[in-house]
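K.L.:
Sequence and computational prediction follow.
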Number of protein chains: 2
Amino acid sequence: MLQFFTLDLLPAKNGEEPTMQFLLEVVDILTNYVRKTFDRSTKVLDFHHPHQLLEGMEGFNLELSDQPESLEQILVDCRDTLKYGVRTGHPRFFNQLSTGLDIIGLAGEWLTSTANTNMFTYEIAPVFVLMEQLTLKKMREIIGWPDGEGDGIFSPGGAISNMYSVMTARYKFFPEVKTKGMTAAPRLVLFTSEHSHYSIKKASAALGFGTENLILLSTDERTHIHSDGLCLQGCVPMFVNATAGSTVYGAFDPIHEIADICEKYNMWLHVDGAWGGGLLMSRKHRHKLRGVERANSVTWNPHKMMGVPLQCSAILVRERGVLSGCNSMCAGYLFQPDKQYDVSYDTGDKAIQCGRHVDIFKFWLMWKAKGTIGFEHHIDKCLDLSHYLYTKIRDREGYQMVFEGEPQHTNVCFWYLPPGIRDMPDGQERRDRLHKVAPKIKALMMESGTTMVGYQPQGDKVNFFRMVISNPAATRSDIDFLTDEIERLGHDL
Amino acid sequence: MLQFFTLDLLPAKNGEEPTMQFLLEVVDILTNYVRKTFDRSTKVLDFHHPHQLLEGMEGFNLELSDQPESLEQILVDCRDTLKYGVRTGHPRFFNQLSTGLDIIGLAGEWLTSTANTNMFTYEIAPVFVLMEQLTLKKMREIIGWPDGEGDGIFSPGGAISNMYSVMTARYKFFPEVKTKGMTAAPRLVLFTSEHSHYSIKKASAALGFGTENLILLSTDERTHIHSDGLCLQGCVPMFVNATAGSTVYGAFDPIHEIADICEKYNMWLHVDGAWGGGLLMSRKHRHKLRGVERANSVTWNPHKMMGVPLQCSAILVRERGVLSGCNSMCAGYLFQPDKQYDVSYDTGDKAIQCGRHVDIFKFWLMWKAKGTIGFEHHIDKCLDLSHYLYTKIRDREGYQMVFEGEPQHTNVCFWYLPPGIRDMPDGQERRDRLHKVAPKIKALMMESGTTMVGYQPQGDKVNFFRMVISNPAATRSDIDFLTDEIERLGHDL
């Protein structure tokens, strides 16, 4: 490829051969990366500080220039981009709620990029629009809405899905806000638990409610909403977010209890199942979302617990018509009523986006390849693994659990106490030292590149590790590796 | 692959061989599709009605089931998905603002899917985060902001980018709205031209301004904002959107004139260059955005005029700090202050999203491969082609232009008048008949699958064709083909 440039590729005359050669060389780089991702003898990452990468590593220069680079250099750039990145599919990558590299999902995403189309109309995405429709219906059936009736859309992530829920609720109760703005409504109050995802707060700021009108309800140690707290608030209560699988603890709010209150006060019930929604696929674990069928809307991110490549998030709405009522603007240049096909399939006007990436295909293809039963196995296996970790460290010397009792999701939250801290008396000094342990171990972990797990403080709790498992490649030996590594790196702190 | 299922692939034991075999078979399907996309003897699409695809085509069943399907069937599903889709990269696809299939961009997107990571932190996307930072700076330099200073982020599309601009403006002037909601501010009014993109209207509804507080300014025939209209409105004017390349006509609002008014009344000036921003790359055409450096924020979608695969949209903000001030919520589990690296590179809290797809890599890679100069050539070529179309049909029998004068962008808007209409006297009957011509030709076009171009009514103008060119594969012969095809299909209407 040394002598070629992008202008030699298709649509150039005689561009077919170099194009095929180039794409196959790229695929060779990618398949090598895939191979290594699953190989435990490779590192999860090869850490460099921002200034190191910015200064440029041998042959890898991030700066853009006026003149074209050769395809040979482009291939080097591809290799280096992967080299200095993080293998999120590695069996020992536990850092995020989205982990793993599903091969079918990957193939689906490659196809999606090749088709390079847009979800706004049936006209230019006929197959994908229908796949989205069928898949959303299936998800609504699994939620438990009669005949899978309702509405929904795939959005660019859980935060946007949650934003849709607040917008849709507002439109349902105060449709005049769409035309007249928030001043047309009384002071509206939203509720969520203090451990819910910060996107609810982002939505309350963005949509004009104001974060002070989002009431954070206190939770018990396991971070369920104390549902009696809801009734104590004044103002005009409009919306409650119940979290199904909180980000840090993996806790599930009691949906039935919250639904009772929502019914009593005529509030919209949203269930944020971005992380926990996947458990609906498991006969063993779906009881944790008991009552979800009473929700008015549900966020469910297949790109988290179901292992679908990023991005893949759905907002599902029980009542038909509210979503499009809320968002439609009837742009004439896209949604012509006089098309030759049934234009009810032009679903783009329901979205707050105009162009919309095709997020459905990889998910649909994975569902085809795994079957519903395959997702169930995957979820049960991840929960089994987290149970293994929990029982392993629960009573182990040097570990302390952050919350009492068995985790409900795969989140296992714990402190590791180096020997030097174990016998210190409780107090500020011990807390200060413990607070520094997790960041220090994490830094060493990243520098050695062997594994990755997240940490954070929460409320009055100093920094602790949050282990999450959604990667189908992880096994008990990887869990053992993680604890060994924490002990190895943290022993002398 | 007949005997294999997804469970036989990696991370399965001995999964490497079937994984590689499967991925290569997928790549074979995709490269064949790429080859055909550029082959003018293939159709742009093989049209089927929704009910036909839903009923199932031979061997292609969209329904999801409980049990897994074999990889052999998965490969068939991939082939069929492409077969019944639309080739948006075909040289004769002119239907949307985003067309073309750039091979480097495609390779970039394949790599992005393989890396499968998330933009919220440097921790898990070190290379991509830096690429985004450098590319945004480059874009700000091209806009003309001193030293490329300012801020910005890639968002899931132009509508969301425009939404960011309104949110950011509101935060700049009324930061208390973030915490107290819209009731803390006076009645705020937004301005845009009547031909601007409908996403400004969507944003005004979603963010709690209300669509009635968005004033649509009248435009002249070429749809420039009459800038004196701005001063006539009451209330508290806060934000003006100037369109740089309107969706239908491709018109550019006079930014300098609008900027003068914004300065006078202390309003935020946003330039929606989703479609026209690409012209900044061309020394010949960038004058159409004269004054853009005076904007407070700019939307610019590389996935439109610059041919980057979907999705790739940037919102650029002149003043540092407003974007993060507006959106940050400081989630402890992601944005720990005690990381080992410089956490100013954790840019996720600026976004209204939490997880964010990696949209930068394909764009960065294309810029490397083409150079700034390559984008310039591409844009100049597309504008030359639209000039060719314009001069060809301007005085041709059977054509009538929708607006006077040379188009500013690649949008060429015209009516085709079948012979039976040409001599009809002006009046309702003629209008009614003409209104039906474009939809009818479009339907025939889609059924024959030979080419695709958009149409719409606008204001009191009946349905007309909007031709747009952003596809690097299109040539004069394709333009000739389009007009021949319109005449062939429309002659007897």
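P.N.:
Nice, I can see it. Numbering: from 1, shown residues only, chains lettered A, B, ... in the order given.

K.L.:
Can you verify residue A:164 is assigned to a helix?
P.N.:
Yes: counting by DSSP: H, G, I helix; E, B strand; the rest coil, residue A:164 is part of a helix.

K.L.:
Does it touch residue A:156 like I think?
P.N.:
No: between residue A:164 and residue A:156 there is no contact under Cβ atoms under 8 Å: 10.8 Å. The C-beta positions use only the backbone N, C-alpha and C, and glycine is treated the same way.

K.L.:
quick one: terminal-to-terminal distance for stretch A:181-193?
P.N.:
Start-to-end span of stretch A:181-193 (Cα to Cα, to the nearest Å) is 27 Å.

K.L.:
what's the answer for stretch A:205-213, then?
P.N.:
From start residue to end residue, stretch A:205-213 stretches across 9 Å - Cα to Cα.

K.L.:
contact partners of it?
P.N.:
Applying Cβ atoms under 8 Å, 6 or more residues apart in numbering or on different chains, the contact partners of stretch A:205-213 are A:163, A:166-167, A:170, A:181-182, A:187-190, A:201, A:203-204, A:235, B:167, B:177-184, B:206-209, B:326-327, B:329, B:352.

K.L.:
ok, now which ones touch residue A:149?
P.N.:
Counted by Cβ under 8 Å, 6+ apart, residue A:149 has contacts A:140, A:318, A:320.

K.L.:
mind putting these in a markdown table, neighbour count and distance to residue B:417 included?
P.N.:
Below are the contacts of residue A:149 laid out as a markdown table (neighbours: other Cβ atoms under 10 Å in any protein chain shown; distance: Cβ to Cβ, whole Å):
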| residue | neighbour count | distance to residue B:417 |
| --- | --- | --- |
| A:140 | 24 | 48 |
| A:318 | 20 | 49 |
| A:320 | 12 | 42 |
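
K.L.:
Which members of the residues you listed occur in strands, if any?
P.N.:
Of those, none are assigned to strands by DSSP state E.

K.L.:
Any chance of TSV for these, columns distance to residue B:218 and pLDDT?
P.N.:
Listed next are the contacts of residue A:149 as TSV, based on distance: Cβ to Cβ, whole Å; pLDDT from 0 to 100:
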residue	distance to residue B:218	pLDDT
A:140	44	98
A:318	42	98
A:320	37	95
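
K.L.:
Tell me how many other residues surround residue A:283.
P.N.:
10 (other Cβ atoms under 10 Å in any protein chain shown).

K.L.:
so it is in which element?
P.N.:
Residue A:283 is part of no helix or strand, with elements assigned from DSSP states H and E.

K.L.:
do the same with residue A:72
P.N.:
Using DSSP H and E, residue A:72 falls within helix A:71-83.

K.L.:
do that helix and chain B meet?
P.N.:
Yes: using Cβ under 8 Å from any Cβ of the partner chain, helix A:71-83 reaches chain B at A:71, A:73, A:74, A:77, A:78, A:80, A:81, A:82.

K.L.:
just to revisit the earlier point, can I get the contacts of residue A:149 in JSON lines with distance to residue A:426?
P.N.:
Converted to JSON lines, the contacts of residue A:149 look like this (distance: Cβ to Cβ, whole Å):
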{"residue": "A:140", "distance to residue A:426": "50"}
{"residue": "A:318", "distance to residue A:426": "49"}
{"residue": "A:320", "distance to residue A:426": "56"}
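
K.L.:
So which of the contacts of stretch A:205-213 belong to strands?
P.N.:
Of these, the ones assigned to strands by DSSP E are A:188, A:189, A:190.

K.L.:
if we can go back for a sec, pick the one among the contacts of residue A:149 closest to residue A:134.
P.N.:
Nearest to residue A:134 among the contacts of residue A:149 is residue A:140, at 10.9 Å by Cβ to Cβ.

K.L.:
where does the stretch 101-250 of chain A dip in pLDDT?
P.N.:
Within the stretch 101-250 of chain A, the ranges that satisfy pLDDT under 70 run A:220-234.

K.L.:
Residue of it closest to chain B, please.
P.N.:
Using Cβ to the nearest Cβ, the single residue of the stretch 101-250 of chain A nearest to chain B is residue A:208, 2.4 Å away.

K.L.:
Number of residues surrounding that residue?
P.N.:
Neighbourhood size, residue A:208 [other Cβ under 10 Å]: 30.

K.L.:
Quick check: closest non-adjacent residue to it.
P.N.:
Spatially, and ignoring its direct neighbours in sequence, residue A:208 is nearest to residue B:208 (2.4 Å; Cβ to Cβ, 6 or more residues apart in numbering or on different chains).

K.L.:
how much space between the one you found and residue A:207?
P.N.:
Using Cβ to Cβ, to the nearest Å, we find residue B:208 at a distance of 6 Å from residue A:207.

K.L.:
same question, residue A:335
P.N.:
Distance, residue A:335 to residue A:207, by Cβ to Cβ: 24 Å.

K.L.:
Please say which of those two ends up with more neighbours.
P.N.:
Neighbour tally, residue A:335 and residue A:207, criterion other Cβ under 10 Å: the higher count belongs to residue A:207, 23 against 20.

K.L.:
ranges for the strands of the stretch 201-350 of chain A?
P.N.:
Using DSSP state E, counting those that start in this stretch, the strands found in the stretch 201-350 of chain A span residues A:214-217, A:236-243, A:268-273, A:297-300, A:313-317.

K.L.:
of all these, which lies closest to residue A:413?
P.N.:
Comparing the strands of the stretch 201-350 of chain A under Cβ to Cβ, the one sitting nearest is strand A:236-243, at 15.4 Å.

K.L.:
The closest one vs chain B: in contact?
P.N.:
No: shown here: strand A:236-243 not in contact with chain B (Cβ under 8 Å from any Cβ), separated by at least 12.1 Å.

K.L.:
Dump that strand to CSV, keeping only the CA atoms.
P.N.:
What follows is strand A:236-243, C-alpha atoms only, in CSV (Å, rounded to 0.1, in the frame of the first residue of the first chain):
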residue,chain,number,x,y,z
VAL,A,236,-46.9,19.8,42.0
PRO,A,237,-45.4,16.4,41.9
MET,A,238,-45.2,15.1,38.3
PHE,A,239,-42.6,12.5,37.8
VAL,A,240,-40.9,9.8,39.8
ASN,A,241,-37.8,7.9,38.6
ALA,A,242,-37.4,4.5,40.1
THR,A,243,-34.0,3.1,39.5
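
K.L.:
between it and strand A:268-273, how big is the angle?
P.N.:
Counting by axes from the mean of the first three to the mean of the last three Cα atoms, to 10 degrees, strand A:236-243 lies at 20 degrees to strand A:268-273.

K.L.:
Residue A:334 against residue A:348, yeah?
P.N.:
Yes: checked against Cβ under 8 Å, the pair residue A:334 and residue A:348 is within contact range at 6.3 Å.

K.L.:
so where does residue A:192 fall, helix or strand?
P.N.:
Applying DSSP H and E as the criterion places residue A:192 in strand A:188-193.

K.L.:
Mark which of the ones in strands among the contacts of stretch A:205-213 are buried, thanks.
P.N.:
Buried members of those, scored by 16 or more other Cβ atoms under 10 Å in any protein chain shown, are A:188, A:189, A:190.

K.L.:
Make a markdown table from these and add distance to chain B to it.
P.N.:
Output for these, formatted as a markdown table (distance: Cβ to the nearest Cβ, whole Å):
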| residue | distance to chain B |
| --- | --- |
| A:188 | 8 |
| A:189 | 10 |
| A:190 | 10 |
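
K.L.:
is it possible to export these to JSON lines including distance to residue A:307?
P.N.:
Converted to JSON lines, those look like this (distance: Cβ to Cβ, whole Å):
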{"residue": "A:188", "distance to residue A:307": "37"}
{"residue": "A:189", "distance to residue A:307": "37"}
{"residue": "A:190", "distance to residue A:307": "31"}
